[in-house]
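1. requesting a structural model of the entry that follows:
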Amino acid sequence: MQMYLVLPLCFVLARRYRLRGATALWLLVLALGLIKPYFLIVFAPCFIPGVIAYCLWGRVRLPWQLWPPTLAVIVCAYALIAKHTFEGPRLAEWLACGAVAFTVPLFAEMPDSLVRRIAHLIAKYSFGIYLFHMACIWILFDIIKAPLPLQIAGFVLLLSALSFAAYRYIEAPFIRLGQSLLDGKFGALLSIASSQSDS
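-> Next up is the predicted model:
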């Protein structure tokens, strides 16, 4: 939840300072994470690369078919160097997220297809998936004793229901609130501040 409070500020900074600001912010949290890997600092280097990708979007466009093998290389490199622990710095995770951020904007978007629609659906509900997947794993696989197929089916159903509810009742209303803030007085103040810094 802390991440979702910090991200809007990151995007406001990215609008003003562009790629240099987003990259500098990422390098700063990387350094802080190596020194004191606690609380939000452990995860900040994983989600701030999304701001970098936002700043890079619309640049070079390589064929979309090259993206899956590129992503596979990043995932394999991560799997080889990652230490699967919740303690200490998570350099492998931070670098993998950075690699995705700097490469994904280089590729053209996939044309409309079943794969794209499924990916869009997962992305739409990713907030809820991210928030609830560990709780669902705990409930369905640790607490409820049942045959494995029933546990898997229950996990998919419960996670889907919670993710849908999180999008409908938490994320979507706050997206509308954020957009209204940007369209209203707050957005006007940002535009004035940005124009003054450019002049």
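2. verify the stated contact: Phe164 with Ile129.
-> No: between Phe164 and Ile129 there is no contact under Cβ atoms under 8 Å: 10.4 Å. For glycine as for every other residue, the C-beta is placed from the backbone atoms N, C-alpha and C.
3. mutual contacts of the two, please.
-> Common contact partners of Phe164 and Ile129 (Cβ atoms under 8 Å, 6 or more residues apart in numbering): none.
4. so if I had to pick from these two, which one is more boxed in?
-> Ile129 (18 against 13; other Cβ atoms under 10 Å).
5. quick one: contacts for that one?
-> So Ile129 contacts 122, 159, 163 (Cβ under 8 Å, 6+ apart).
6. can you redo those residues as CSV with pLDDT and neighbour count?
-> Shown next, in CSV, are the contacts of Ile129 (pLDDT from 0 to 100; neighbours: other Cβ atoms under 10 Å):
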residue, pLDDT, neighbour count
Ile122, 90, 11
Leu159, 96, 20
Ser163, 95, 23
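7. did I read that right, Val60 in a strand?
-> No: the assignment for Val60 by DSSP: H, G, I helix; E, B strand; the rest coil gives coil, which leaves it out of any strand.
8. which pLDDT value belongs to it?
-> Predicted confidence (pLDDT) for Val60: 73.
9. count the residues that sit near it.
-> 9.
10. now it. Nearest residue, chain neighbours left out?
-> Leu106 (5.1 Å; Cβ to Cβ, 6 or more residues apart in numbering).
11. pretty sure the one you found is touching Gly58, no?
-> No: the pair Leu106 / Gly58 is not scored as a contact, 10.6 Å apart, by Cβ under 8 Å.
12. more neighbours, the two?
-> Ranked by neighbour count (other Cβ under 10 Å), Leu106 and Gly58 place Leu106 first, with 14 against 8.
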